[in-house]
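Enquirer: Build me a model from this:
(one chain, ligands or ions: 1)
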Amino acid sequence: MTTTTAIGIDIGGTGIKGAVVDLGTGELLSERIKLATPKGGKPDDIIETTRELLETVSSGVGDLPIGVCFPAIVKNGHTMSAANVSKEWIGLAAEDLFENGLDRPIHFVNDADAAGYAEARFGAARDVPGVVLLTTLGTGIGSALLNDGVLVPNTELGHLEIDGHDYETKAAYSAKERDDLSWEKWAHRLQKYYTTLEALFSPDLFIVGGGVSKNYDDFIPLLDLKTRIIPAVHRNNAGILGSAALAVKFPG
Ligand code: BGC
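Expert: Numbers count the residues shown, from 1 in each chain. All right, here's what the predicted structure looks like:
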């Protein structure tokens, strides 16, 4: 029997979210639970908060496959970077640490890759041929590169250097809030960012994810690009959906 239900957990710089997912439809079968990411984003604290969250999400649903996504390069279960969480994550065997802390096997991936996989399977990139580039605009900028629906993991295009800046520090949604930018001023930075991506990848489609993509009408029409650019379908739930779906695709 194929598993059609799994739990997805999305760890972010500001919140940790989780829910039970129906993998046939891509719908959430439970309430989405969100807990604040512990200050400092240290490994023990994040794992403990994830344990609390899983306890609530999994109550009454039994042992389902669990996918966890995280805002860092994830290579062979290790976190190899840490832009918006504690530097203590760099080089850690994070997948093992989560499995020990949660006392359950998990599948562990980068958060933007999970979001890209979710959009390819259940959303805006479904059945889209060619090169699709999904960017999540949140605390940082995450990226997922798909070619004919196949994901190239860990592209980390939020850290492109533009004008001497690690550009997520200028164009993430957190930068709009920090610098109190109008939609127009923020769109000016996004224009620079997406033009650079366009020159490097000649994509067939850009998908904009992250919570702010619900306000897409306020900034996407301000961008002048050769490439079609559309909002993600699953926005803030894409990480949950994608990590749940990957946990079943790659049972751990
Ligand atoms: C991290 C990426 C992550 C993105 C979105 C970046 O700062 O380097 O790994 O996907 O933020 O959370």
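Enquirer: buried stuff in stretch 240-252?
Expert: By 16 or more other Cβ atoms under 10 Å, the buried positions in stretch 240-252 come out as 240, 241, 242, 243, 244, 245, 246, 247, 248. To be clear about C-beta, it is placed using only N, CA and C from the backbone, and glycine gets the same treatment.
Enquirer: In CSV, list the residues you listed along with distance to the ligand and pLDDT.
Expert: As requested, the buried residues of stretch 240-252 are exported to CSV (distance: Cβ to the nearest ligand atom, whole Å; pLDDT from 0 to 100):
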residue, distance to the ligand, pLDDT
240, 14, 98
241, 16, 98
242, 12, 98
243, 12, 98
244, 17, 98
245, 17, 97
246, 15, 97
247, 18, 97
248, 22, 95
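Enquirer: Next step: those residues restricted to helices.
Expert: With DSSP state H as the criterion, helices contain 240, 241, 242, 243, 244, 245, 246, 247, 248 from among the buried residues of stretch 240-252.
Enquirer: Which helix or strand contains the closest residue to the first one other than its chain neighbours?
Expert: Meaning residue 240. The spatially closest residue to residue 240, leaving aside those adjacent along the chain, is residue 8, at 3.6 Å (Cβ to Cβ, 6 or more residues apart in numbering). Per DSSP states H and E, residue 8 falls inside strand 5-11.
Enquirer: neighbouring contacts of that strand?
Expert: With contacts defined as Cβ atoms under 8 Å, 6 or more residues apart in numbering, strand 5-11 is touched by 16-23, 29, 37, 46, 50, 53-54, 57-58, 61, 64-71, 111, 114, 239-245, 247-248.
Enquirer: Would you agree residue 170 is in contact with residue 190?
Expert: No. Between residue 170 and residue 190 there is no contact under Cβ atoms under 8 Å: 9.5 Å.
Enquirer: Which one's more surrounded, those two?
Expert: Taking neighbours as other Cβ atoms under 10 Å, residue 170 and residue 190 compare with residue 190 leading, 24 against 19.
Enquirer: how does the protein divide into domains?
Expert: The chain breaks down by automatic domain parsing into domains covering 5-113, 124-231.
Enquirer: who in the stretch 101-250 of the chain is up against the ligand?
Expert: By the rule Cβ under 6 Å from any ligand atom, the part of the stretch 101-250 of the chain lying against the ligand is 110, 111, 112, 136, 138, 140, 142, 156, 158, 168.
Enquirer: From these, which land in helices?
Expert: 111, 112, 168.
Enquirer: Return the closest of those residues with respect to residue 77.
Expert: For these, the closest approach to residue 77 (Cβ to Cβ) belongs to residue 111, at 15.3 Å.
Enquirer: in which helix or strand would I find the closest residue to that closest one other than its chain neighbours?
Expert: Counting by Cβ to Cβ, 6+ apart, residue 111 lies nearest to residue 69, which is 4.2 Å off, once chain neighbours are set aside. Here residue 69 sits within strand 66-70, counting by DSSP H and E.
Enquirer: can you pull the alpha-carbon coordinates of that strand into CSV?
Expert: The C-alpha trace of strand 66-70 is given here as CSV (Å, rounded to 0.1, in the frame of the first residue of the first chain):
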residue,chain,number,x,y,z
ILE,A,66,8.1,12.8,8.8
GLY,A,67,9.8,15.3,6.6
VAL,A,68,11.7,18.2,8.1
CYS,A,69,13.0,21.2,6.1
PHE,A,70,15.6,23.7,7.3
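Enquirer: after it, next one along is what?
Expert: strand 74-75.
Enquirer: who does that next one touch, helix- and strand-wise?
Expert: strand 107-110 (3 or more Cβ pairs under 8 Å, 6 or more residues apart in numbering; DSSP states H and E).
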